[in-house]
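Asker: here is a sequence with its predicted model. Questions after.
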Amino acid sequence: MAVLFVEIKCELGKAYDVANAIADAEIASEIYSTAGNFDLLVKFYVPPEEDAGRFVTNVVQKIDGIRDTRTIVTFKAF
């Protein structure tokens, strides 16, 4: 499994709606609200046969209320 952390910038006033939509879709392992440049930090597990870039662009970024994302691809957990 590939582990992705995706920082999500939401439309103004939409962070909770976006977080709820991600939770309802059952596609994320963890969802956190954050302060700073992004509104949410979301952890996804992507199967090895699935393209991580396509997952972000075709699944995550299509959720209503998302304005921008930044993806962090991980290599090894310690």
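Answerer: Noted; the coordinates are in hand.
Asker: tell me the first helix or strand C-terminal of the helix or strand residue 8 falls within.
Answerer: Using DSSP states H and E, the element containing residue 8 is strand 2-10. Of the helices and strands lying after strand 2-10 in sequence (DSSP H and E), the nearest is helix 15-25.
Asker: packing partners of that next one?
Answerer: For helix 15-25, the packing partners by 3 or more C-beta pairs under 8 Å, 6 or more residues apart in numbering; DSSP states H and E come out as strand 2-10, strand 30-33, strand 40-46. Any C-beta I mention is one placed from the backbone N, CA and C, and that applies to glycine too.
Asker: how much space separates residue 25 from residue 63?
Answerer: Distance of residue 25 to residue 63, given as C-beta to C-beta, to the nearest Å: 8 Å.
Asker: now swap in residue 69 and tell me
Answerer: Where residue 63 is concerned, residue 69 sits at a distance of 10 Å (C-beta to C-beta).
Asker: which residues of the protein score low on pLDDT?
Answerer: By pLDDT under 70, the chain has no low-scoring segment.
Asker: residue 30: neighbour count?
Answerer: Burial of residue 30 is recorded as 9 neighbouring residues (other C-beta atoms under 10 Å).
Asker: ok, residue 36 next?
Answerer: 7.
Asker: quick revisit: the more surrounded of residue 25 and residue 63?
Answerer: Between residue 25 and residue 63, residue 63 has the larger neighbour count (other C-beta under 10 Å), namely 19 against 11.
Asker: where does that one sit: helix, strand or coil?
Answerer: Of the three states, residue 63 takes coil under DSSP: H, G, I helix; E, B strand; the rest coil.
Asker: which residues touch it?
Answerer: Contacts for residue 63 (C-beta atoms under 8 Å, 6 or more residues apart in numbering) come out as 18, 21-22, 25.
Asker: from those residues, list the buried ones, please.
Answerer: 18, 22 (16 or more other C-beta atoms under 10 Å).
Asker: so for residue 17, what's the nearest residue that isn't a sequence neighbour?
Answerer: residue 65 (5.3 Å; C-beta to C-beta, 6 or more residues apart in numbering).
Asker: hang on, the one you found packs against residue 9?
Answerer: No - using C-beta atoms under 8 Å, residue 65 makes no contact with residue 9, being 10.1 Å away.
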